[in-house]
Each structure stands twice: as structure tokens, then as C-alpha cells.
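Q: only geometry, no sequence info:
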């Protein structure tokens, strides 16, 4: 498949940096995508509608060398894009971050799942020659990978239930803090301070 030839230079306003295409013959590393627990559960069920967020015009991907600005305590795992050149990736202008134009659909044959227990540097090494999810499965242990996917989906479902319970409990406070009544807002703020 021929990679798209989208000109992404106009997205500087979105990334905050100067984007540039990969040079002819430039090697593209294995790229990962962090999508959050809800979207990841959708992906594992084969129902994710697109790699980018619902309103994002571009999709961000990163190398294994990127240091996340947060700690993933749940170890939810990441997506791996096995053929990033097919997406027409560009350098984002930020080290270790690549972007591509957001498009509908996900190619479940070339975008796979890396369980959270596998460090991304290890995953990148093991997946450096993989071109599809069959090869990904083999490189990540075959049935062991299948079991990790099932366990991850179970954990994501449990996390979603916990988040839903938390949201139900937090709803009255959120409504109060967003109230147009100043007194209600101040009482909510004082309650949060306590």
C-alpha cells in the first residue's frame, strides 16, 4: 500500500511545533498509541472507530523512548502501530512523537495490543520485524498474549465500573461546583477544601 501524501505542516497550531515529513528512506521506529481505558476496551473488542480522539484532526503516536508525563498505575497496555508508514506519519516536532492525519477506521490487522506488563522498549525490540497482528501475537508469546488480552479486558471492565461508581458519587459535588448560584458554588468549594 502506498502511504498517504498528506501535508501536515499546517497542524503546527495543533502540535505547537514544526512538523516535517520523514525523509526518503528514513527508517520509522515502532510506534505506540496511548488511548485511555475506555477506548482500549473498545479496541480489544474490535469496536474502536478510529485511532485519534473524536475531535482530533491528527493521531499522535510515540516511540518506546518517549517518557510519559504520568504513571499508568493500572498498567492498561498500549496499542502498537506495526506499519506506521502506511498512515503517512510525520515527525511532530517533539522528540519521539509522530503524527498522522486522523482517518476513520482502524486496521485491526496492523494495529495490535501490547499488555501493560511488557515494557515498551522490550515490545519495540520484539516487534521490530512484525508486520501484522498474527506476527505480533507470536512475538509476544502466542497463547500467553491471548491470556494477557483477556485479563486486560477484564481489568479494563472492572476499572470502568469503578470509574462509573466514582462518577455517580461525585455528580452532586460537580453539579454544585458548576452551579450558577454563587452560594452553592462556595459551599462546594469549601466542602472540597475540607
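A: Received the coordinates, thanks. Being a predicted model, the structure only gives us computed values, none of them experimental.

Q: can we go C-alpha only for contacts and neighbour counts from here?
A: OK.

Q: Phi first, then psi, for residue 60.
A: When quoted as degrees, to the nearest 10, the phi and psi of residue 60 stand at phi -90, psi 140.

Q: Likewise for residue 100?
A: Torsion angles, degrees, to the nearest 10, at residue 100: phi -150, psi 160.

Q: what separates stretch 12-27 from the chain centre, distance-wise?
A: Relative to its parent chain, stretch 12-27 has a centroid offset of 19 Å by Cα atoms, centre = their mean, to the nearest Å.

Q: which strands and helices sit next to the host helix or strand of residue 42?
A: Take DSSP states H and E as the rule and residue 42 turns out to sit in helix 37-44. Where contact means 3 or more Cα pairs under 8 Å, 6 or more residues apart in numbering; DSSP states H and E, helix 37-44 is packed against helix 143-177.

Q: what angle do the helix holding residue 42 and helix 143-177 make?
A: 150 degrees (axes from the mean of the first three to the mean of the last three Cα atoms, to 10 degrees).

Q: Now do the strands in this structure.
A: Secondary structure of the chain (DSSP state E): strands at 20-21, 31-33, 58-62, 78-81, 90-91, 97-101, 111-114.

Q: and those as a markdown table, adding distance to residue 6?
A: Below are the strands of the chain laid out as a markdown table (distance: least, Cα to Cα, whole Å):
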| stretch | distance to residue 6 |
| --- | --- |
| strand 20-21 | 9 |
| strand 31-33 | 19 |
| strand 58-62 | 11 |
| strand 78-81 | 18 |
| strand 90-91 | 9 |
| strand 97-101 | 7 |
| strand 111-114 | 20 |
